[in-house]
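Trainee: This is the structure alone, sequence omitted:
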């Protein structure tokens, strides 16, 4: 039985058992949610303990790694700006639409208060520090203290600066440090695989008390979250087609036909890496320049998770809504920006994009238990995320090769109209 099947089984058992126990008011049946809840807390703590070494090692290997940095230099500023711009647009899109859509589903205030009280995080108030304090604290006086306190943004800034400094040293020092942190990253991946192996038990232990407190409305709330996340990604994917057609100058029918096989592979496998051959075939069908597409597509698969901020951002807003946490505009923008930034460092493991969200939850005081709930719902959402990433990767390649195709077509087509 696959991990996905086992996690879904744990989710269903937890929901059914929790709803069945929601009416129990005394006796041993009423005590079951309280007995099960610490198991979920232990699993959440296991997730939290991987955050600092995983984020630090991912950042250093991504920035200082010779192969990755060399490929990024070959791509040039135009490509990087396109990646950042498309991710920023996805973040704004999510920040504008996800909170009001999620607000349409009613959550009982008393139930939300009960969930907040049972959370391991301090979620009674979510406030950002004054701007002056926030700005000063961005540069940590003691990076180790920042790591111990869970101050993830200062730690990320220090790590990024440290990684750029590594790129400037010679004498084999750079290679040694990159190899060390690559080994740390790989070890964290193994540890995360162990944590995910017991995910069905952790998910069951998280969902059962949740369903016991919310009753039958728990299933509706979780289902509505999946609907909003998947629907927003699908809507955003539709918006990529005009970008490819108008800016990339390809025919709509050609783009749709060439892209469909790669989209099908991505949706079914939930893996951008598995979709790489199909994406390369799509660029060949569209007549894209191989010297550009051959670099853009592989690097995009590794770093450009365009749809992740939509799915993960909507999931974060859902957790805040579920626990009755009011998010103002500063909190919404902070979440959107953090999700967009961290999307470039998502590890290529199942639910890796959710695990990398832990620093956002910790920084804003959101309950880490919410990540466990989102992992249980990740199957359908991740299908749409991969579909969106595949579509965005090919769209970016189309836009970046536009000038080559127009220049080539001007030699043979009167008026300089591009063909594909």
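Mentor: Yep, that arrived. Computed from a predicted structure; not experimentally measured. Numbering: from 1, shown residues only.

Trainee: Measure how buried the closest residue to residue 386 other than its chain neighbours is and give me the count.
Mentor: Excluding its sequence neighbours, the residue lying closest to residue 386 (C-beta to C-beta, 6 or more residues apart in numbering) is residue 266, at 4.2 Å. The way it works is simple: take the backbone N, C-alpha and C, and place the C-beta from them, glycine included. Residue 266 has 27 neighbours, counted by other C-beta atoms under 10 Å.

Trainee: show me what contacts residue 266?
Mentor: Residue 266 is in contact with 272, 274-275, 278, 386-387, 389-390, counting by C-beta atoms under 8 Å, 6 or more residues apart in numbering.

Trainee: can we see that at 10 Å?
Mentor: By C-beta atoms under 10 Å, 6 or more residues apart in numbering, the contact set of residue 266 is 272-276, 278-279, 383-391, 393.

Trainee: so how far is residue 7 from it?
Mentor: Using C-beta to C-beta, to the nearest Å, we find residue 266 at a distance of 20 Å from residue 7.

Trainee: what does residue 245 give?
Mentor: Residue 245 sits 39 Å away from residue 7, going by C-beta to C-beta.

Trainee: of these two, who's got more company?
Mentor: The residue with more neighbours, out of residue 245 and residue 7 and counting by other C-beta under 10 Å, is residue 7; that gives 24 against 18.

Trainee: Could I get the pLDDT score of that one?
Mentor: Note on residue 7: pLDDT of 77.

Trainee: On the three-state scheme, it is what?
Mentor: The assignment at residue 7 comes out as helix when based on DSSP: H, G, I helix; E, B strand; the rest coil.

Trainee: ok, now which ones touch it?
Mentor: 196, 199-204, 350-351, 375-379.

Trainee: what's in contact with the helix or strand hosting residue 281?
Mentor: In this assignment (DSSP states H and E), residue 281 forms part of helix 276-285. Outside helix 276-285, the residues within contact range by C-beta under 10 Å, 6+ apart are 254-255, 257-266, 269, 272, 275, 288-290, 292-294, 296-298, 300-302, 389-391, 393-394, 397-398, 401, 420.

Trainee: Would you mind listing which of the residues you listed are buried?
Mentor: Among the contacts of helix 276-285, those buried by neighbour count (16 or more other C-beta atoms under 10 Å) are 254-255, 258-259, 261-263, 265-266, 272, 275, 288-289, 292-293, 296-298, 300-302, 389-391, 393-394, 397-398, 401, 420.

Trainee: I'd like to know which of those are part of helices.
Mentor: Among the buried ones among the contacts of helix 276-285, DSSP state H puts 254-255, 258-259, 261-263, 265-266, 292-293, 296-298, 300-302, 389-391, 393-394, 397-398 in helices.

Trainee: all helices of the stretch 151-300 of the chain, in order?
Mentor: Ranges of helices in the stretch 151-300 of the chain, per DSSP state H, counting those that start in this stretch, are 152-166, 173-197, 199-214, 217-242, 252-269, 276-285, 290-303.
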